[in-house]
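Undergrad: Generate a structure from the sequence data that follows.
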Amino acid sequence: MPTPSNAQSPDHVQNPDPSAAPDSPGRPSKPLNGRRVRAAIIGTGAIARGSHLPALARLAEEGETEVVAAVDIDADAVKAFCEAGGVPHAYTDLDRMLAEQRPDLVSICTPPTLHRDQTVAALRAGAWVWCEKPPVPTLADFDAVEAEEGTDGGPYASIVFQHRFGSGSRHVRRLIAEQAMGRPLVAHCQTTWYRDAAYYAVPWRGRWQSEGGGPAMGHGIHQMDLLLDLLGPWSEVRAMAGRLVHDVETEDVSTALVRFENGAMATIVNSVLSPDEVSRIRIDCERATVELTHLYGHSNDNWRVTAAPGVPKAEAAAWQDFGADVPSSHLEQLRDLVASMRAGERPRSSGADGRTSLELITAIYKSAFTDTTVRAGEIGPGDPYYTAMHGGAAGWAPVVTPASQAAPSEEIPA
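TA: Numbering: from 1, shown residues only. I've put the predicted structure just below:
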């Protein structure tokens with residue numbers, strides 16, 4: 001990745017590589033074979049600095065990518081980001097950057113309320129998208145984004161679900177898919193974290209409009225997505241939600257019972273009230289229990305497979321062999337995404353594969369707020385939960401005031 005002594009000033013104009021420019025809006029003109037993926041970063045806060053830029057820089061060292069631009073509404077912030085990261089072009093206007101730099105890939109690291117419009121703009125400009133979670137605030141927004149994707153070879157919009165990627169999750173996914181340990185029967189998915197009053201003193205936190213939801217949406221989404229990636233489609237959910245400690249619009253704890261299409265049953269707990277913090281997935285199969293215990297990311301050592309009595313020792317030992325340790329990370333997902341871009345194939349955690357977690361979260365909220373069982377596929381146009389996670393439910397829907405209508409300008413860390 002080029003490292004100039006100083007980034008250009010915001011909105012600086014420089015003609016990009018003509019070979020990277022699309023012939024027409026919405027589609028790249030040439031395949032990516034033989035050249036680097038031109039990437040741009042939208043939003044220059046903590047997640048961009050700590051995860052996206054380092055991942056892109058690592059692939060730049062390997063000849064796969066180059067970061068050509070960054071965008072932020074704060075001119076000083078984007079200039080500092082570019083100078084520190086060796087990014088040549090700083091912008092405060094997304095549309096201008098897309099028109100002038102013609103990136104192949106856009107990383108979106110902004111608040112969820114901005115994700116839909118920014119993703120659509122990038123797709124229409126012919127760029128693939130890698131968007132931080134939560135992808136968008138509602139299923140209606142997700143479907144609007146998917147409608148803008150290409151139909152044959154991209155561009156596509158992928159969600160940052162980095163916990164799917166790494167040697168541990170890959171190994172366990174294969175074991176479950178092949179039923180090497182027998183059918184999955186019982187599962188537990190736990191994101192029990194702790195956030196104090198100071199955390200919620202930040203104005204955009206704990207609000208439906210700016211954060212999209214409580215711990216189910218903003219914290220537990222990663223573990224729930226990994227559970228779905230391992231077990232496959234869910235069929236029905238029954239849930240409860242509470243506002244037990246914090247003075248917020250959203251919940252601060254939720255629990256759910258989920259049935260999967262394969263017959264497995266799971267419990268899900270999402271909390272920001274738990275001083276002993278842990279992220280955990282446990283799946284009991286007919287012949288073994290597989291368990292993941294970590295906090296914000298996992299390596300091989302965080303997984304454990306316990307064979308049932310009577311399983312041959314050689315077979316149990318094979319289940320324990322996770323291979324070379326590749327921790328879950330933004331970098332590993334980005335590798336997979338770039339490979340999909342070069343192949344012109346839909347990447348994982350996009351389209352229907354990316355929507356499933358958002359649909360489950362929506363169903364958890366609907367079930368909790370209506371005291372009903374919600375089945376997969378039932379929340380669509382005309383359902384109040386399709387356009388708002390709170391569904392307008394009494395006691396949960398926000399009281400709209402002029403102050404609450406203002407969108408936050410601060411980046412939401414993922």
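
Undergrad: Would you mind measuring from Arg49 to Asn33?
TA: The gap separating Arg49 from Asn33 is 31 Å, by CB to CB, to the nearest Å. The way it works is simple: take the backbone N, C-alpha and C, and place the C-beta from them, glycine included.

Undergrad: the more surrounded of these two?
TA: Set side by side, Arg49 and Asn33 show more neighbours around Arg49, with 17 against 7, by other CB atoms under 10 Å.

Undergrad: my guess is the more buried one is in a helix, correct?
TA: Yes - looking at Arg49 with DSSP: H, G, I helix; E, B strand; the rest coil, it is inside a helix.

Undergrad: That one contacts Ala80, correct?
TA: No - using CB atoms under 8 Å, Arg49 is not in contact with Ala80; the gap is 10.0 Å.

Undergrad: Leu331 reaches Pro54, doesn't it?
TA: Yes - using CB under 8 Å, Leu331 makes contact with Pro54 at a distance of 7.5 Å.

Undergrad: the more surrounded of the two?
TA: Neighbour count, other CB under 10 Å: between Leu331 and Pro54, Leu331 has more, with 21 against 15.

Undergrad: one step back: show me whatever sits in contact with both of Arg49 and Ala80.
TA: Here Arg49 and Ala80 share no contacting residue, scored by CB atoms under 8 Å, 6 or more residues apart in numbering.

Undergrad: List the residues that contact the nearest residue to His294 once chain neighbours are set aside.
TA: Leaving aside its chain neighbours, His294 sits nearest to Asn302 (4.3 Å; criterion: CB to CB, 6 or more residues apart in numbering). By CB under 8 Å, 6+ apart, the contact set of Asn302 is Gly168, Leu292, Thr293, His294.

Undergrad: can you list these in a markdown table and add neighbour count, pLDDT and distance to His188?
TA: Listed next are the contacts of Asn302 as a markdown table, based on neighbours: other CB atoms under 10 Å; pLDDT from 0 to 100; distance: CB to CB, whole Å:
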| residue | neighbour count | pLDDT | distance to His188 |
| --- | --- | --- | --- |
| Gly168 | 24 | 98 | 17 |
| Leu292 | 23 | 98 | 11 |
| Thr293 | 15 | 98 | 11 |
| His294 | 19 | 98 | 14 |
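
Undergrad: Taking the residues you listed together, which two end up most distant?
TA: Gly168 and Thr293 (11.3 Å; CB to CB).

Undergrad: Once you drop chain neighbours, what's closest to Ala122?
TA: Val106 (4.1 Å).

Undergrad: My guess is the one you found contacts Val129. True?
TA: Yes - Val106 lies in contact with Val129 (CB under 8 Å); the separation is 5.3 Å.

Undergrad: between these two, what contacts are shared?
TA: Residues touching both Val106 and Val129 (CB under 8 Å, 6+ apart): Ala122.

Undergrad: buried stuff in the lengthiest helix in the chain?
TA: What stands out as the longest helix in the chain, according to DSSP state H, is helix 351-370. Within helix 351-370, the residues scored as buried using 16 or more other CB atoms under 10 Å are 351, 353-369.

Undergrad: now for the top strand by length along the chain, which elements pack on it?
TA: For the chain, the strand with the greatest residue count under DSSP state E is strand 273-285. Where contact means 3 or more CB pairs under 8 Å, 6 or more residues apart in numbering; DSSP states H and E, strand 273-285 is packed against helix 167-177, strand 184-194, helix 221-231, strand 288-294.
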